[in-house]
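Enquirer: Fold the following for me, if possible:
(3 chains)
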Amino acid sequence: MAKNNYGAYNIEDLRQLAKKRVPKGVFDYVNGGAEDGIAVQNNRDAYTQLKIKNRVLIDVSKRSTETTIFGKKIAMPYGISPTGTAGLMWFGGEAGLAIAAEKMGVPCTVALNAQTSMEEIREAAPNADLWFQVYTWPDKDLSLKQIERIKSVGFETIIVTVDGPVGSNREYNHKNGFSMPLKYSPRLFAQLLARPGWLVRVLGQHYLKRGAPTMVNYPEELMSKITDPMLKHMFTKVDNVTWEHIHRIRDVFPGNLLIKGLQSKEDAVLAKENGLQGVIMSNHGGRYVDCAPAPLQVVGETREAVGDDFTVIIDSGARRGSDLVKAIACGANMVMSGRPTLFGAAVAGTHGSYRALEIFKVEMDRVMAQLGLNSVDEIGPEIFWNPPEWVRKPKTQLKAAAE
Amino acid sequence: MGAETKTGIKSRCRVTMPKKNNLGAYNIEDLRQMAKKRLPRAVFEYVDLGAEDYIALGNNRDAYRSLKTKNRVLIDVSKRSTATEIFGRKLAMPYAISPTASAGLMAEGGEVGLARAAARMGVPCTAATSALTPMEEIYEKAMEIEGCNLWFQLYMWVNQELRKNFLERIKATGFETLLVTVDGSVGANREHNDRNGFSMPVQYSARLIAQVLANPGWCARVLLPQFIKRGEFQKVHYPPEIGSKLTDRESEHMLAKPSNQTWDDIKRVRDMWPGNLLVKGLYNVKDVVLAKENGLQGAVLSNHGGRYVDNAPSPIQALPEIRAAVGPDFKLIVDSGPRRGSDIVKAIALGADMVMSGRPTLYGTAAAGEAGAFRALEIFQTEMDRVMAQLGLNSVDEIGPHIFWNPPAWVPKPDSGLNRAAE
Amino acid sequence: MAKKNNLGAYNIEDLRLMAKKKLPRGIFGFIDGGAEDHIGVQNNRDAYTQLKIKNRVLIDVSKRSTKTTVFGKEIAMPYGISPTGSAGIAWYGGEIGLAQAAKKMNVPCTVALNALTSMEDIWEQGGGNLWFQLYMWADKEMSKKFMDKVKAVGFETLIVTVDGPVHSNREYNKKNGFSMPLKYSPTMIAQLLAKPGWLIRVLGQHYLRQGTPKKENYPPELARKITDKETADKHVKSDTQNWDDIQFIRDMWPGNMMIKGLQSAEDAVLAKERGLDGVVMSNHGGRYVDCAPAPLQVLAETRAAVGDDFTVIIDSGARRGSDLVKAIACGADMVMSGRPTLFGTAAAGMPGAYRALEIFHTEMDRVMAQLGLNSIDEIGPEIFWNPPEWVPKPKPALKAAAE
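Expert: This next block holds a predicted model:
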């Protein structure tokens, strides 16, 4: 893998390459945000506005980006977010993500909306740190039955996505004639035909080997092709889900339980009080509430509210290794993202996803060296120069000057 | 010491729009665009741009634009007026034309046009030491118009004898108000001039000649008449000992704008000048206090249109602190940046007595001579009148910092006693 | 959602672009533009877009509603149509279309004094929750007669516009050769000819059926044709207007009365003291004072000054359903705007105006769901993340976590 960087020196390169290879409607579906794209931009700006200061003349030859989460060692504080579209990037894309994560040694989250079954993914990457992500259907009992299947495959960590009580407002999808479920309109056909490589490699291969792409992780009662009209009972955007349902999951699942999609620290406190192991602060990649703050902006106040013994992960916006350093400094345990490895998958399947992970690791390692930091534990808010007030203050005992 | 009150000269307070001809210019920016088309590139950029990265130039505008004003409704404003008074003379609005060296490059006899336009509007105009038209000619042509109010701007020459003679000449011509420019003691870093091959005095490089020839209109309108009437461009006030042709070397700079000038020089001018005396080009509160202590009547807070120190604040940002230090009687004028009538209102609200600027009327002159300069003044006056109406203000005295919404910290609080709010 | 036909418009900006294509340049410029450098227009948007809001998860929002009550009448959402003088040149019978659209959505619509359709026709053919907007004339007798007429038609709510003591400075109008009253200059005629569709559908139809467009609500003594010069002393832009003039109207008008065009909290207090029922804080869509703050920005100080028992409405700048939520959170009772429904009218007549209202309604409903809010009463400043200081502080008793 070290030989071939696929012409991508950073995540943006992967994004540009993916754009060329994937039909427009599909690319925009992955790439875009909600409404005016303000949240997507703000997610990046939140990171890029933070300035960090180097430290010189510190021995960093034994540094490491490793950390621990839920008792497992991982190569860097980064994981792959659940996304429903890896299978549209590359045939068997979800399995590819898992294999790449296994090779790097970081967690990967299997999505409920994957087009590859959880069993198959588990088999393809037996040693990967795999997590599973669920939505809640209108039929709550059916949702609980699903947990049993997930347990039986061997997943130890479940993430319940809770930030979608209603569908989101993604106008470019309408304008592109793209929707999930897929509707083969003339406009979509034209876009697919404009990408013959993808048509053959991805969609063609899928139809040949497996038939129409299907939501294979759904229970029998709800399973459907991604071209089937979505009937009401299949909706994952359900507006009457409450903490009561989370309790029911908590009761039947003994492993690590997290909820994903939070912006308010009050909700993180409630999650802790309800016995969960952690939360993922997220604005769903800027795809739901266009005026949401970036998760990076709320992690400081969240950490202050829940204390140090609760796992706080953030997603939405990381594109550089330095972003990982900043997120840790602001109080996160770990960063997740969806698009970088999806772009990688679109470019070169498993190898492309691995390239994305590699970029993050190499960059994080370099920045830590420049900042004179030897381990993730040493990263704290004292690295920042003149940060905005939403960045937490340094603990004075930590990290005295050239000690 | 102060000026004697001039009596019997009326100034118009309210000017009606000439319905026929606004010259196609609806705002100062329109005049700027017109000037850009009619001037050789080097000449336009010499006027238009500032120093280095033009940060101060942008900041001068941003400082005004960032201030928000709240309207007041249902106040009878039918009798409002933008008129004010300074040094015993009534003005149509608290605005004056700054001294500039280049009016003669905008239009033939540009300085005379500026002075006459100002007289017609009823506001002061400042003749420059570096003018290309003699002060006597400017004064005479402008005095034909009722309401003429001319000031003079001085650079302090090193040679005391020359300086004294010059002051006598200024006095004899009839000027009563003198502005001494003190911010030019080292050259400015204006990279566009170097790239264009332009300098004052003018040096005819190949590049400059090419630009001039590319603008035949300007050659015909400005260059030719100048050569016919007066010969080469000359800084006509400079005695031969210092050098006067625009093409003479910059050693003239050392003799005219010495870097060793001090407050002693100002004291000497103060001793020789009985009329109103102000310094121009300062914005540090310590300096303004010194000006007051030395018996001057006022100061023009200025960063010279963003043309010297690129990291300078806007004069209006420095104004409140300075007003608090010198009290209400010392005259504080601000230049550098106003382009809208609302800017004048804001400057007054911050504590200025008056606003000056150079470029707007220069753009107007380049666009259409005296009529263009008048158009610029007219734009300011009508806009100021409109904004005052919208804000429920009937006179300049009523303008104060209470008009602002959520201003930044450098804006004075209302009721600080040093503004003139009538609330 | 109009399942069949969203007219190809997914947001208000889409409607704006459609209007731009259909209207002659000078007319579109007249509607779209602001004063001087358009700093005010941009600031009106920035004030909204800079406010970040945080979602709340796991709250049952299946029974949420955007309904509210203003002046004793229930309305579908806290939004109303501002008075504008130009609906009739955007579409033939545009004012009636606005009224019909508002009635269909069940929100208030304000009939403008400068309408090109008579108030009686609008009342009869439009119906719904109609308000009337007035400028004050110098002639008191004329004013009295006029108000009796307005009362007789059936209007209960009167809005007096007071922010125009002088004409505004809208330079693009002059550059476009556009003015009100309309002047058929060569520039203007060329622009009209460039839009043959509009020429036939709107102006042509008007001339055929009714003759020259007229301000049908003006008393016959005053100039009425939109091409007539307005006689100076009877002009509505009066710089002598003062609070006694308002008192005169208050004494004659028994229904709800508001003044529109305020920016200062002091003026709102004066209005309350004079016995008015409310105010519309406004910078007239950025069309008068270019350095005015956005009404959203002065809302908190206004509410603090007048208390809770006075109706405070804001206009100028709303373009998204999330804007309505933010305005309520900052203390408004309701939001009004003029351009969105005008753009819709120009694009497609009454269905276009309705589409604009529908966009606001669906977006507001979606954002409320994402924020875990079930009713307008629940919206408060605690939804904001790190707001600027002009946003009111949350009341501690209100809106505890998932109660």
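
Enquirer: And the strands in the chain, which stretches?
Expert: If you meant another chain, say so; for now it's chain A. Here chain A has its strands, by DSSP state E, at A:51-52, A:67-69, A:72-74, A:78-80, A:108-111, A:130-134, A:157-161, A:256-262, A:278-281, A:311-314, A:334-337, A:384-385.

Enquirer: could you do chain C instead?
Expert: With DSSP E as the criterion, chain C has strands at C:52-53, C:68-70, C:73-75, C:79-81, C:109-111, C:130-134, C:157-161, C:256-262, C:278-281, C:311-314, C:334-337, C:384-385.

Enquirer: Let me have those strands in JSON lines, adding mean neighbour count as columns.
Expert: Any C-beta I mention is one placed from the backbone N, CA and C, and that applies to glycine too. Output for those, formatted as JSON lines (neighbours: other C-beta atoms under 10 Å in any protein chain shown):
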{"stretch": "strand C:52-53", "mean neighbour count": "24"}
{"stretch": "strand C:68-70", "mean neighbour count": "17"}
{"stretch": "strand C:73-75", "mean neighbour count": "14"}
{"stretch": "strand C:79-81", "mean neighbour count": "28"}
{"stretch": "strand C:109-111", "mean neighbour count": "27"}
{"stretch": "strand C:130-134", "mean neighbour count": "24"}
{"stretch": "strand C:157-161", "mean neighbour count": "25"}
{"stretch": "strand C:256-262", "mean neighbour count": "24"}
{"stretch": "strand C:278-281", "mean neighbour count": "28"}
{"stretch": "strand C:311-314", "mean neighbour count": "25"}
{"stretch": "strand C:334-337", "mean neighbour count": "26"}
{"stretch": "strand C:384-385", "mean neighbour count": "20"}
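
Enquirer: so after whichever strand or helix holds residue B:271, what's the next helix or strand?
Expert: Residue B:271 is part of helix B:263-272 when elements are defined by DSSP states H and E. Sequence order places strand B:276-282 as the next helix or strand after helix B:263-272, per DSSP H and E.

Enquirer: Packing partners of the next helix or strand after that next one?
Expert: With elements assigned by DSSP H and E, the helix or strand that comes after strand B:276-282 is helix B:285-293. Helices and strands touching helix B:285-293, by 3 or more C-beta pairs under 8 Å, 6 or more residues apart in numbering or on different chains; DSSP states H and E, are strand B:276-282, strand B:298-301, helix B:315-326.

Enquirer: Longest helix in chain B, please.
Expert: Ranked by residue count under DSSP state H, the longest helix found in chain B is helix B:359-390.

Enquirer: Tell me if that helix is near chain C.
Expert: Yes - using C-beta under 8 Å from any C-beta of the partner chain, helix B:359-390 reaches chain C at B:383, B:385, B:386, B:387, B:389, B:390.

Enquirer: doesn't residue B:71 make contact with the last one?
Expert: The one in question is residue B:390. Yes - the pair residue B:390 and residue B:71 passes the contact test of C-beta atoms under 8 Å, sitting 5.0 Å apart.

Enquirer: Give the residues shared as contacts by these two.
Expert: Counting by C-beta atoms under 8 Å, 6 or more residues apart in numbering or on different chains, the common neighbours of residue B:390 and residue B:71 are C:163, C:288, C:289.

Enquirer: Report how many residues lie close to the second one.
Expert: Taking other C-beta atoms under 10 Å in any protein chain shown as the criterion, the count of residues near residue C:288 is 27.

Enquirer: Contact partners for the closest residue to it other than its chain neighbours?
Expert: Nearest non-adjacent residue to residue C:288, counting by C-beta to C-beta, 6 or more residues apart in numbering or on different chains: residue C:168, 4.8 Å away. When contacts are counted by C-beta under 8 Å, 6+ apart, residue C:168 touches B:386, C:35, C:284, C:287, C:288.

Enquirer: cutoff 10 Å now
Expert: In this structure, residue C:168 makes contact with B:386, B:390, C:34, C:35, C:36, C:237, C:284, C:286, C:287, C:288, C:289, C:290, judged by C-beta atoms under 10 Å, 6 or more residues apart in numbering or on different chains.

Enquirer: With pLDDT added, can I get those in JSON lines?
Expert: As requested, the contacts of residue C:168 are arranged in JSON lines below (pLDDT from 0 to 100):
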{"residue": "B:386", "pLDDT": "89"}
{"residue": "B:390", "pLDDT": "87"}
{"residue": "C:34", "pLDDT": "92"}
{"residue": "C:35", "pLDDT": "88"}
{"residue": "C:36", "pLDDT": "86"}
{"residue": "C:237", "pLDDT": "54"}
{"residue": "C:284", "pLDDT": "94"}
{"residue": "C:286", "pLDDT": "93"}
{"residue": "C:287", "pLDDT": "92"}
{"residue": "C:288", "pLDDT": "89"}
{"residue": "C:289", "pLDDT": "87"}
{"residue": "C:290", "pLDDT": "88"}
